[in-house]
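**Q** Pasting the sequence and the predicted model now:
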Amino acid sequence: MSSARGPKRILVVEDEENISQTLRYNLTREGYEVSQAATGTQALELARQRHPDLILLDLMLPEMSGLEVCRVLRAEMSTPILMLTAKASELDKVVGLQVGADDYVTKPFSLNELLARVAAMLRRAELTGGQQHRPGEVEDFGGFRLDRAARTVRVGTDDVHLSPKEFDLLSLLMANAGRVLSRSTIIHRVWGSKFFGDHKTVDVHIRWLREKFEHFDTLPFRITTVFGVGYRFDKLDAEIPVSILNETSTSA
Ligand code: CA
């Protein structure tokens, strides 16, 4: 299973300990490098940190449902997602595929079938890797381009170099364009649930992010501060002078 880049990494998201361990055991035996998450929040953190090659995602999770996890993952990365669904739930399958899962396996599943499905998905991802963009992977408008798979940002022909957190922050705001995100939501999504820092961290990163773009004469977006609420990414139809990039909105 090893490729030039080393063993393929698989993130197993499953709260049932025995199923998770069985999957880990068998996937490891196949030569994959396995990490495990028991909650959606943990899954998002691990996916962002470790950039797995494939995610095995159970739909029945505590706190945050597998569907919600899938939706968030898909907005941020193109990693193939194989859903584990309960036996009778046709609806879950349909919704799961709608929110961006690539395939599903029904519980109780045969291990051989699951391993074959995993191998096939990884092969497919390798073949199409880098050539095919999935929905939500690339934001491209008004001369601005953000590529979530390559983690690159360009304005016109200029590369904009962002720190990992600045990139995640911009990516999150863009994925929610037109909607105000609170500082707590941003902390939770970008820094994860184990972050107990001050909410000022968000303000500081927003400032750094704005500074990265302030030397451009025109930009097709702005990051608006909504007093007492949070931040909102606004796409602009016409390119605007950067002088109003840092404009503060007085209305929520
Ligand atoms: Ca479960």
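**A** Arrived safely, thanks for sending. Residues are numbered from 1 along each chain as shown.

**Q** Got the confidence number for the most centrally placed residue in the chain?
**A** Residue closest to the average C-alpha location in the chain (Cα atoms, centre = their mean): residue 76, at 2.6 Å. If you check residue 76, the pLDDT there is 83.

**Q** residues contacting it?
**A** Residues counted as contacts of residue 76 (Cβ atoms under 8 Å, 6 or more residues apart in numbering) are 48, 148, 168, 171, 172, 175. No exception for glycine: its C-beta is placed from N, CA and C like everyone else's.

**Q** can you pick the most crowded of the residues you listed?
**A** Neighbour counts for those, by other Cβ atoms under 10 Å, peak at residue 171, which reaches 24 neighbours.

**Q** Against residue 154, how distant is the residue nearest to the centre of the chain?
**A** Distance from residue 76 to residue 154, counting by Cβ to Cβ, to the nearest Å: 18 Å.

**Q** count of residues packed around residue 202?
**A** 23.

**Q** Surely it forms part of a helix?
**A** Yes - assessed by DSSP: H, G, I helix; E, B strand; the rest coil, residue 202 belongs to a helix.

**Q** where exactly do the helices run in the stretch 101-250 of the chain?
**A** Remark: helices assigned in the stretch 101-250 of the chain by DSSP state H, counting those that start in this stretch are 111-128, 164-175, 183-186, 200-213.

**Q** Now for the closest residue in space to residue 179 that isn't next to it in sequence: which residues touch it?
**A** Spatial nearest neighbour of residue 179, excluding adjacent residues (Cβ to Cβ, 6 or more residues apart in numbering): residue 232 at 6.5 Å. Listed by Cβ under 8 Å, 6+ apart, the contact partners of residue 232 are 173, 178, 179, 180, 181, 223, 224, 226, 249.

**Q** Export the residues you listed to CSV and append columns for pLDDT.
**A** Conversion of those to CSV gives the following (pLDDT from 0 to 100):
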residue, pLDDT
173, 94
178, 92
179, 93
180, 95
181, 95
223, 95
224, 95
226, 95
249, 47
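
**Q** The residue nearest to residue 102 when sequence neighbours are not counted and the ion, how far apart?
**A** Counting by Cβ to Cβ, 6+ apart, residue 102 lies nearest to residue 80, which is 4.8 Å off, once chain neighbours are set aside. Residue 80 sits at a distance of 20 Å from the ion (criterion: Cβ to the ion, to the nearest Å).
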